[in-house]
Structure formats: structure tokens, C-alpha cells
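Engineer: pasting the sequence and the predicted coordinates here, then a few questions.
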Amino acid sequence: MKYLNIDNWINKNETFWKALEIHCMVECCGIDAFAFDKETILSKTLQHDVLDIKNNIEAIIKEINISKFDKISSGFFNLYEDKEVFGKRMTEILLLLE
């Protein structure tokens, strides 16, 4: 089965995403290891380039929207899921960063 791998964009802000890995280890819990709540995201962005993060999230959303594949893959997030689900998650994070 074909899928869109989003790790190229995630890796550009790896330290930001790793800072959100607070519930567990990604190797164990996958994307559920990460905290995507407003408080955590906003506190972690203080130490990172928010504009760069936003630009990369926008690129991910764009690629998801034009992709012919229905699934998203990420070795970083230990993830394989529907592109609509992941796209919604990225859109919610982007809105928090506005």
C-alpha cells in the first residue's frame, strides 16, 4: 500500500516535536506519547522558531491535501494513519500557533 511519508517536514523541527514527547516514549506509544494540548504546545514554542514550525506544518498540510494517498506514515511519530486524521491534528496545532 502506498502512503505519504511526512518525516522530511517533521525532522526540520525535530527538537520541537521531541519536546512534546512527554506522556511516554514514541517507541512504545507512538503518537500518543506526544502532548498536543494548547498549554504544552505554547510553552514549548518559547524555545523554538515558531515561524519555521508554522511553515513546516503548512507544508505538511499542503502535501496531505494534494496527495493521492489515503494514508500518512511517519517513523518519527511511529505512525500510520488516515491522512484526514493527521491533517486535522496538524491544522489544530497550526491554529494554536497563530
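Structural biologist: It's in. Numbers count the residues shown, from 1 in each chain.
Engineer: hmm, residue 82 and residue 73 touching each other?
Structural biologist: No - between residue 73 and residue 82 there is no contact under C-beta atoms under 8 Å: 11.3 Å. Every C-beta, even on glycine, is put in place using the N, C-alpha and C of the backbone.
Engineer: more neighbours: which of the two?
Structural biologist: Applying other C-beta atoms under 10 Å to residue 73 and residue 82 shows that residue 73 carries more neighbours, namely 20 against 11.
Engineer: phi and psi next, for the more buried one.
Structural biologist: Dihedral pair for residue 73: phi -130, psi 140, per degrees, to the nearest 10.
Engineer: list the contacts of it.
Structural biologist: 3-7, 79-80 (C-beta atoms under 8 Å, 6 or more residues apart in numbering).
Engineer: quick one: residues contacting residue 22.
Structural biologist: Counting by C-beta under 8 Å, 6+ apart, residue 22 has contacts 33-35, 40.
Engineer: among those residues, who's most crowded?
Structural biologist: Busiest of the contacts of residue 22 [other C-beta under 10 Å] is residue 34, holding 22 neighbours.
Engineer: in space, what's closest to that one - neighbours in sequence excluded?
Structural biologist: Among residues not flanking residue 34 along the chain, residue 20 sits closest, at 4.5 Å (C-beta to C-beta, 6 or more residues apart in numbering).
Engineer: can you give me the strands in the chain?
Structural biologist: Along the chain, counting by DSSP state E, strands occupy 4-5, 71-74, 79-82.
Engineer: how about low-confidence regions in the chain?
Structural biologist: The chain contains residues with pLDDT under 70 at 1.
Engineer: what's the neighbour count on the closest residue to residue 72 other than its chain neighbours?
Structural biologist: Distances taken as C-beta to C-beta, 6+ apart put residue 86 closest to residue 72, at 4.3 Å, once the chain neighbours are dropped. By other C-beta under 10 Å, 23 other residues sit near residue 86.
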